[in-house]
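A.B. asks: no FASTA, just this:
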């Protein structure tokens, strides 16, 4: 049975997905849904959603390199 999310839960998921590379966001959302699907329904509250999404986010984030064009600092040369 597919999971369903209310507006608040979707907002939370989408805000946690924002820093993830757009090409990886679908995989991120699938990973969150798979992990939540393993939990008993009575444990699928906001707290569980946040913890699962936060842990999945760590796997999908790619750190910026100091050599990256997106990184600008007045201290780097």
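C.D. replies: Ah, there it is. This is a predicted model, so every value here is computed, not measured. Numbering: from 1, shown residues only.
A.B. asks: Any buried residues in whichever helix in the chain runs longest, and which?
C.D. replies: If you go by DSSP state H, the chain has its longest helix at helix 46-60. Across helix 46-60, burial judged by 16 or more other CB atoms under 10 Å covers 49, 52, 53, 56, 57, 60. Bear in mind the C-beta positions are built from the backbone N, C-alpha and C, glycine included.
A.B. asks: got the contact list for that helix?
C.D. replies: Applying CB atoms under 8 Å, 6 or more residues apart in numbering, the external contacts of helix 46-60 come out as 5, 8-9, 12-13, 16-17, 19-21, 24, 27-28, 31-32, 35-36, 39.
A.B. asks: Show me which of those residues are buried.
C.D. replies: Among the contacts of helix 46-60, the ones that count as buried by 16+ other CB under 10 Å are 5, 9, 12, 13, 16, 17, 20, 28, 31, 32, 35, 36.
A.B. asks: how about the helices of this structure, start to end?
C.D. replies: Going by DSSP H, the chain shows helices at 7-17, 25-37, 46-60.
A.B. asks: From the contact counts, what lies against the shortest one?
C.D. replies: Counting contacts by 3 or more CB pairs under 8 Å, 6 or more residues apart in numbering; DSSP states H and E, helix 7-17 packs against helix 25-37, helix 46-60.
A.B. asks: could those be laid out in CSV, adding mean pLDDT?
C.D. replies: Shown next, in CSV, are the helices and strands packed on helix 7-17 (pLDDT from 0 to 100):
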stretch, mean pLDDT
helix 25-37, 92
helix 46-60, 92
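A.B. asks: before we move on, the earlier item: show me which of the buried ones among the contacts of helix 46-60 is closest to residue 43.
C.D. replies: residue 36 (9.1 Å; CB to CB).
A.B. asks: my guess is that closest one meets residue 3, correct?
C.D. replies: Yes: if you go by CB atoms under 8 Å, residue 36 and residue 3 touch, sitting 5.9 Å apart.
A.B. asks: what is in contact with those two at once?
C.D. replies: Residues touching both residue 36 and residue 3 (CB under 8 Å, 6+ apart): residue 44.
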